[in-house]
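J.: What follows is a predicted structure for the sequence shown.
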Protein chains: 2
Amino acid sequence: MNRTFRLTLCYEGTRYRGWQRQGNTDNTIQARLETLLTRLLEQPVELAASGRTDAGVHARRQVCSFRADTDWDVGFMLTKLRQHLPEDIGAVNLEEAAPRFHARLNCREKTYLYRVWNSEAPNVFERRFVYPCPEPLDLDGMRRAAALLLGEHDFSAFCSVKHMKKSAVRRLSGIEIRREGNEVRLFFTGSGFLYNMVRILTGTLLEVGTGRRSAESVQAALKSLDREQAGFTAPAQGLTLWDVRY
Amino acid sequence: MNRTFRLTLCYEGTRYRGWQRQGNTDNTIQARLETLLTRLLEQPVELAASGRTDAGVHARRQVCSFRADTDWDVGFMLTKLRQHLPEDIGAVNLEEAAPRFHARLNCREKTYLYRVWNSEAPNVFERRFVYPCPEPLDLDGMRRAAALLLGEHDFSAFCSVKHMKKSAVRRLSGIEIRREGNEVRLFFTGSGFLYNMVRILTGTLLEVGTGRRSAESVQAALKSLDREQAGFTAPAQGLTLWDVRY
């Protein structure tokens, strides 16, 4: 009986080379899961995720889909998965989905969170999930710059791939920047994101926050379509795939 | 100029053999700090902490004291410490203290937190700080048992050292048990704690919570002064020294 499943995961990305399976290494989250599901279900299983996450990036909620010919109960399959997954990958939920459900193709919107630790005092307990930036940050300036990035644009300037074959047009529907204690949290919501896009957006906004560039220069960078005009790529460890909507 | 300093630390205990310096290994928090301070201040520095923490136990707030003959500004010394401490030990604060201040002798009260992760779904992001116990927990029963432990008692039954040379009488002034989402948090407050005492108290209360023993049996265990009558020693990773008061 061929069925489609929808698996919701969380993971700490620290020791992985990102979501996507790569040639010889099985040190990716996709490879770990595919190997495990293939072994458990005794048939080749291929996973589709809502999108890739880069090496070192975390996910609070990542959705994937796969098909398998099995009559296993989903509760039993979830328990089996939890028994065998490494401690830095968590199976949050597993359910049977509509036959044509596809985690990437059906994904409507994603939210990423970038966590900046904005204090001289170190954050010992969450150090793997934040990027330390102790300088004072002008959040109002960052919010002004963020507003200039919203909407549908060609985001070539905010992408690490030099020669995009496909369109670099994306719709950024929200950037929310808020302080919570010593932490500054940046939430980015959009239909899709280019390679390193959230990290370059964050790096650029941090350059505004520390006074290294003006809010207006961000709009100029966007229009230039030139990666050199945007800011630095903020480190992977501060980034978490926060939510995925269908 | 001989001065006394009060240093507030936090640490993730995962990779250390506890607070206290031990013979040949420098893999304790005390040894790391003493070695660093001795090198920075170019004189032998000895640290006193409010109390030891066991191997694997964390501290959100640990207070220590030391004396040194130096005219360094405390802000400068704190910056130097932060530059050289490993990423799992944080210097929260440093100030000059009264000449006779001693972190252990002057400590009035301590609070420990034991974190139980009470869900089938794994806690990937905080896994180093919680103890997973997915069984349903009867918090009211645990609270009834906890109430029987409050006050001044000989806690020999809740101590891992078999032949105590000193008194095992301690005053337990509070045990607060609360649910926060999927987590059950146990806060223990008292003037002092015996070796493994909080972990054995937690293990015993968890046996009440899962129905393995009655609330009343906890009082019998206390009166027996016999370690065998109390519950299991809950793992170190769930325990955090939460606060220290002077």
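T.: Sure thing, it's come through. Numbering: from 1, shown residues only, chains lettered A, B, ... in the order given.
J.: So the closest residue to A:Ala103 other than its chain neighbours, which state does it fall into?
T.: Spatially, and ignoring its direct neighbours in sequence, A:Ala103 is nearest to A:Ser65 (4.0 Å; CB to CB, 6 or more residues apart in numbering or on different chains). Yep, even glycine has a C-beta here, placed from its N, CA and C like the rest. State at A:Ser65, reduced to three classes by DSSP: H, G, I helix; E, B strand; the rest coil: strand.
J.: who touches A:Ser65 in this structure?
T.: A:Thr4, A:Phe5, A:Arg6, A:Leu7, A:Leu47, A:Ala48, A:Ala97, A:Phe101, A:His102, A:Ala103 (CB atoms under 8 Å, 6 or more residues apart in numbering or on different chains).
J.: So which of those residues sit within strands?
T.: Taking DSSP state E as the definition of strands, those contribute A:Thr4, A:Phe5, A:Arg6, A:Leu7, A:Ala48, A:Ala97.
J.: tell me which residues form a beta bridge with the closest residue to the third one other than its chain neighbours?
T.: In space, not counting the residues next to it along the chain, A:Arg6 is nearest to A:Ala97; the distance is 4.0 Å by CB to CB, 6+ apart. Using DSSP bridges, the bridge partners assigned to A:Ala97 are A:Thr4.
J.: how does chain A divide into domains?
T.: Annotated domains of chain A cover A:2-97, A:109-245 [automatic domain parsing].
J.: Get me the contact residues on chain A for chain B.
T.: A:10-12, A:58, A:60, A:79, A:82, A:85, A:87-93, A:120-125, A:127, A:129 (CB under 8 Å from any CB of the partner chain).
J.: how about the residue lying closest to A:Thr189 once chain neighbours are set aside, secondary structure?
T.: With sequence-adjacent residues excluded and distances taken as CB to CB, 6+ apart, A:Thr189 is closest to A:Gly174, at 4.0 Å. On the three-state scheme (three-state DSSP), A:Gly174 is labelled strand.
J.: One more: A:His153?
T.: Here A:His153 is recorded as strand under three-state DSSP.
J.: which ones are touching it?
T.: A:Val169, A:Arg170, A:Leu172, A:Leu222.
J.: and if you look at A:Trp19?
T.: A:Trp19 is in contact with A:Thr28, A:Ile29, A:Gln30, A:Ala49, A:Gly51, A:Arg52, A:Thr53, A:Gln62, counting by CB under 8 Å, 6+ apart.
J.: do the same with A:Leu206
T.: A:Val116, A:Cys133, A:Leu137, A:Met142, A:Gly231, A:Phe232, A:Ala234.
J.: on that earlier part again, kindly provide the distance from the residue nearest to A:Thr189 to chain B.
T.: 24 Å (CB to the nearest CB, to the nearest Å).
J.: cool, A:Asp138 as well?
T.: Distance, A:Asp138 to chain B, using CB to the nearest CB: 24 Å.
J.: Test my guess that that residue contacts A:Val208.
T.: Yes: using CB atoms under 8 Å, A:Asp138 is in contact with A:Val208, at 7.3 Å.
J.: So the two - more neighbours on which side?
T.: A:Val208 (24 against 14; other CB atoms under 10 Å in any protein chain shown).
J.: my guess is the more buried one is in a helix, correct?
T.: Yes: checked against three-state DSSP, A:Val208 lies within a helix.
J.: And it, what's its pLDDT?
T.: We have a pLDDT of 98 for A:Val208.
J.: A:Lys162 now?
T.: 69.
J.: returning to what we had before: so what's the residue count around the residue nearest to A:Thr189?
T.: By the other CB under 10 Å criterion, the neighbourhood of A:Gly174 contains 12 residues.
J.: Spell out which residues sit in contact with it, please.
T.: Shown here is A:Gly174, whose contacts under the criterion CB under 8 Å, 6+ apart are A:Thr111, A:Leu150, A:Phe187, A:Phe188, A:Thr189, A:Gly190.
J.: Separate out the buried members of these.
T.: Burial by neighbour count, 16 or more other CB atoms under 10 Å in any protein chain shown: within the contacts of A:Gly174 this picks out A:Thr111, A:Phe188, A:Thr189, A:Gly190.
J.: any idea how far the first one is from A:Arg21?
T.: The one in question is A:Thr111. 25 Å (CB to CB, to the nearest Å).
J.: For chain A, just list every one of the helices.
T.: For chain A, the helices defined by DSSP state H cover A:29-41, A:74-84, A:139-147, A:197-209, A:215-224.
J.: Out of those, which is the most enclosed?
T.: Ranked by mean neighbour count, the helices of chain A are led by helix A:197-209 with a mean of 25 (mean count of other CB atoms under 10 Å in any protein chain shown).
J.: ok and it relative to helix A:215-224, angle-wise?
T.: The directions of helix A:197-209 and helix A:215-224 differ by 150 degrees, with axes from the mean of the first three to the mean of the last three CA atoms, to 10 degrees as the criterion.
J.: on that earlier part again, can I get the helices of chain A in TSV with distance to B:Gly75?
T.: Formatted as TSV, these follow (distance: least, CB to CB, whole Å):
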stretch	distance to B:Gly75
helix A:29-41	43
helix A:74-84	48
helix A:139-147	26
helix A:197-209	24
helix A:215-224	33
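J.: Select, out of those, the one closest to B:Leu239.
T.: Comparing the helices of chain A by their distance to B:Leu239 (CB to CB), the top pick is helix A:74-84, with 24.5 Å.
J.: Identify the residues contacting the residue nearest to A:Arg6.
T.: With CB under 8 Å, 6+ apart, A:Ala97 has these contacts: A:Thr4, A:Phe5, A:Arg6, A:Ser65.
J.: Next, count neighbours for the closest residue to A:Val184 other than its chain neighbours.
T.: Residue nearest to A:Val184 in three dimensions, not counting chain neighbours: A:Val116, with 4.3 Å by CB to CB, 6+ apart. Neighbour count for A:Val116, taken as other CB under 10 Å: 24.
J.: A:Val116 reaches A:Gly238, doesn't it?
T.: Yes: the pair A:Val116 / A:Gly238 is scored as a contact, 6.4 Å apart, by CB under 8 Å.
J.: which neighbours do these two share?
T.: By CB under 8 Å, 6+ apart, A:Val116 and A:Gly238 have these common neighbours: A:Val130, A:Tyr131, A:Thr202.
J.: Now tabulate those in CSV and tack on pLDDT.
T.: Listed next are these as CSV, based on pLDDT from 0 to 100:
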residue, pLDDT
A:Val130, 98
A:Tyr131, 98
A:Thr202, 98
